[in-house]
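Visitor: show me the folded form of this:
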Amino acid sequence: MNRCQTLLALACLVGCVGAPPPPPGTGDASGDGGSSETGASTGPVETSSASTEDGAEGTTGTTEEPPTAGICARPCADDLDCSPDGEPSGLVCIDELCTALGSCTSDGQCVAELSHWGDGAPCSLPAECIDSEACIGVSGRGHCVPREPTEGCERVGLDPIPLVDVQGERVVVCGRADASCGDDGLCAAPCQGDDDCATTPATPLCDTSSGRCRCDADEQCREGGAGDRCVGGRCGCTDDSACEGPSPVDGRVCVPR
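Guide: Next comes the predicted model:
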């Protein structure tokens, strides 16, 4: 075979076999030779904008920053600053800001607190309560607590809770069995209606599907004096002027979360 015949044979061989496969790791992510619907990367998709190597702005993702908001809080030097009228406010001075301080240590304590058993008339014997009530020990003192009625506690949105009264007799009373003590020392229970969220201006509405208090519009924050922006279901502020609305604590400023 002369030189021309040899070159012709090699050209035919390359044309029939095709180009060599690409090195591992450089193929597309679909693995079947077609186009991948999610692109070549199998990792999480970045939502922030990216610049190309030539300086042009990338077209994937969004250039919008997520909305943010601070919280309205009163600056303080000591606990007295958090109760300017002398009445207990439930706030103490921590890191120069008035902050709610939790004090619960057990779920049982929160069941009694959120069931409002301590609001019942004081008692030392069952006979001191009316027939529809039981004398239950609450924080070391007896209080008259509603017994489970014939139609059940559920009729009034509560749960039947078996307890022992001050004389050791078994009784069933109505209360919030779902109350619990959080890691922050604050009592909490799933909300059942907007009234359950009345004491939390930053989250004034009850999402009954999740049992969580939340906001869903900026206007609710302004009306409750909890700021001017609803972000992630919680009211916040964009500047000090947003904290000038109605509130039990005056002189608040907007501080970063």
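
Visitor: what helix or strand is the spatially closest residue to Ser210 that is not a sequence neighbour located in?
Guide: Sequence neighbours aside, Pro190 is the residue nearest to Ser210 in space, at 7.8 Å (criterion: C-beta to C-beta, 6 or more residues apart in numbering). Glycine gets a C-beta too; all of them are placed from N, C-alpha and C. Assigned by DSSP states H and E, Pro190 belongs to no helix or strand.

Visitor: so who does Pro190 touch?
Guide: Going by C-beta atoms under 8 Å, 6 or more residues apart in numbering, Pro190 touches 178, 210-212.

Visitor: what about the nearest residue to Ala177 once chain neighbours are set aside, distance to Ala69?
Guide: The spatially closest residue to Ala177, leaving aside those adjacent along the chain, is Asp159, at 3.9 Å (C-beta to C-beta, 6+ apart). For Asp159, the distance to Ala69 equals 36 Å [C-beta to C-beta, to the nearest Å].

Visitor: and the two? Which one has more around it.
Guide: The neighbour comparison of Asp159 against Ala69 (other C-beta atoms under 10 Å) goes to Ala69, with 22 against 17.

Visitor: picking up where we left off before, contact partners for the residue nearest to Ala177?
Guide: Asp159 neighbours (C-beta under 8 Å, 6+ apart): 153, 174-178.

Visitor: state the pLDDT value of it.
Guide: At Asp159, the pLDDT value in this model is 96.

Visitor: use 18 as the first number from now on
Guide: Done: numbering now begins at 18, and the last item shifts to Asp176.

Visitor: which residues does it bridge with?
Guide: Gly192 (DSSP bridges).

Visitor: filter the contacts of Pro207 down to the ones in strands?
Guide: Judged by DSSP state E, those include Arg229 as members of strands.

Visitor: distance of Glu240 from Gly210?
Guide: 18 Å.

Visitor: show me which of those two is the more surrounded one.
Guide: Glu240 (14 against 11).

Visitor: helix/strand/coil for the more buried one?
Guide: helix (DSSP: H, G, I helix; E, B strand; the rest coil).

Visitor: residue ranges of the strands in the stretch 168-274 of the chain, please?
Guide: 176-181, 187-192, 197-198, 204-205, 222-224, 229-231, 246-248, 251-253, 270-272 (DSSP state E, counting those that start in this stretch).

Visitor: now the second one, how far from the chain's geometric center?
Guide: Per C-alpha atoms, centre = their mean, to the nearest Å, the displacement of strand 187-192 from the mean C-alpha position of its chain is 31 Å.
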